[in-house]
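**Student:** generate coordinates for the sequence data below:
(one chain, ligands or ions: 1)
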Amino acid sequence: MTGVNIIGAGKYVPDLVLTNEMLSQIVDTNDEWITTRTGIKSRHITNGEPTFHLGVMSAKEAIKDAGIDPKDIGLIIVTTITNDFSTPSVACLIQREIGAIGSMAIDINCACAGFVYAFDMAKRYLETDKNLKYVLVVSAEELSKITDYTDRSTCVLFGDGAAAVVLERDENKIFSSYLGADGTGAEYLLARSYNSETPFTTNFNRFDDKMPDGNSHYLFQNGKEVYKFATKTLPVAVKESCKKIGLAPDELDVIIPHQANVRIIETAAKNLGISMDKFYINLQNHGNTSSASIPLALYDAIKDGSLKRGDKACIVGFGAGLTYGGIVFEF
Ligand code: ACO
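**Tutor:** Residues are numbered from 1 along each chain as shown. Presented below is the predicted three-dimensional model:
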């Protein structure tokens, strides 16, 4: 079976740590509410560093960790919902900074399931193109750019950060994926892009795009609908990705879920009948960093020894779109 080998990992978070206490100074909230409803205690926030810079810093560490020449990277996949420019892509900017000139470079937007999608894409490229040596996957997010810090229902949830992995083909590692999306839930979680008027604009009545929150460019979510979707989808994605390779979920050594809310993870663990001990959680220090959440947790799990060589792991994500996905792989 063709799988992937993670040969290097990197992480970068901005210096500023925004605690629940600090948030309670600017909106009507408190540490007790945030902790009991979400599990989050603090998150990192940028002070002007662009998204691509966070990505570059994490990529440099991953490349160093892998001990490879960046010129041998054939494909860079970046996952983000907070790109600095409509064009060029964050992937091209990261490529410029790390010196992997000539590689393919693409951004994908699958919200919080982004890393799972990118990991799957990387595996498929490596499997079908034998000339491809290494794939660099970078997840970089600055949710602070699209967060309304006057809205207590969302601003307590999100943070900034980036994490990266270098992958190579491995013919002897297990791998299975289960990915999907449900666009009928698009209205539950969104952030509008900025659209300028042109000299030809005569219709100032907005097209009915069937999405709420007409003029705001901040993150909007229907927390209850997202919660329902997440608690239903997370166990399904774990079960289905395991089923594809004949594995029972309780045979997994580690599950690294999207770090949105500890209550979502607890409910999913209960539904799966799996002990919380198998779920890796670092959301208390990072909040929800969308697609960067899973690789940030993956990095921490590797570094603190929670994920060991030979372990069977599952990464599982869900997010705006609505998108979802699970991957079982051997570390
Ligand atoms: N501090 C204090 N009180 C608050 C806060 C806050 N930060 N936010 C909301 N409240 C209040 C509300 O106003 C409400 O008060 P009321 O009863 O007087 O009206 C009360 O707390 C309950 O609010 P709910 O929204 O019902 O709270 P709930 O228990 O549903 O928790 C939460 C909200 C945490 C957002 C939950 O719905 C959730 O986790 N949803 C999923 C979120 C998620 O995972 N999103 C990310 C998806 S990933 C991605 O793609 C970005």
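
**Student:** in the helix or strand containing residue 65, what counts as buried?
**Tutor:** Assessed by DSSP states H and E, residue 65 sits inside helix 51-66. Neighbour-count burial for helix 51-66 flags 51-63, 65-66 (criterion: 16 or more other C-beta atoms under 10 Å). Placement of C-beta: from N, CA and C, glycine included.

**Student:** farthest-separated two in the residues you listed?
**Tutor:** The span of the buried residues of helix 51-66, defined through C-beta to C-beta, is set by 51 and 66 at 22.5 Å.

**Student:** sorry, back to before: from the buried residues of helix 51-66, pick the one nearest the ligand.
**Tutor:** Of all these, the ligand sits closest to residue 51, with 15.1 Å by C-beta to the nearest ligand atom.

**Student:** list the contacts of the closest one.
**Tutor:** By C-beta atoms under 8 Å, 6 or more residues apart in numbering, residue 51 lies in contact with 80, 82, 83, 84, 90, 140, 141, 142, 145, 162.

**Student:** pLDDT at residue 2, what is it?
**Tutor:** Residue 2 carries a pLDDT score of 88 in this model.

**Student:** surely it meets residue 169?
**Tutor:** Yes - the pair residue 2 / residue 169 is scored as a contact, 6.4 Å apart, by C-beta atoms under 8 Å.

**Student:** which residues of the protein fall in strands?
**Tutor:** For the chain, applying DSSP state E gives strands covering 3-12, 16-19, 42-45, 73-79, 104-108, 134-142, 160-170, 175-181, 189-190, 220-221, 254-257, 312-319, 323-330.

**Student:** other SSEs contacting the fifth one?
**Tutor:** Using 3 or more C-beta pairs under 8 Å, 6 or more residues apart in numbering; DSSP states H and E as the contact test, the elements touching strand 104-108 are strand 73-79, helix 90-98, helix 114-128.

**Student:** give me that answer again for 10 Å
**Tutor:** Secondary-structure packing of strand 104-108 (3 or more C-beta pairs under 10 Å, 6 or more residues apart in numbering; DSSP states H and E): strand 73-79, helix 90-98, helix 114-128, strand 134-142.

**Student:** which one of the strands of the chain is the most hemmed in?
**Tutor:** Across the strands of the chain, averaging neighbours per residue (mean count of other C-beta atoms under 10 Å) puts strand 134-142 on top, at a mean of 30.

**Student:** packing partners for that strand?
**Tutor:** With contacts defined as 3+ C-beta pairs under 10 Å, 6+ apart, the packing partners of strand 134-142 are strand 3-12, helix 51-66, strand 73-79, helix 90-98, strand 104-108, helix 114-128, strand 160-170, helix 293-303.
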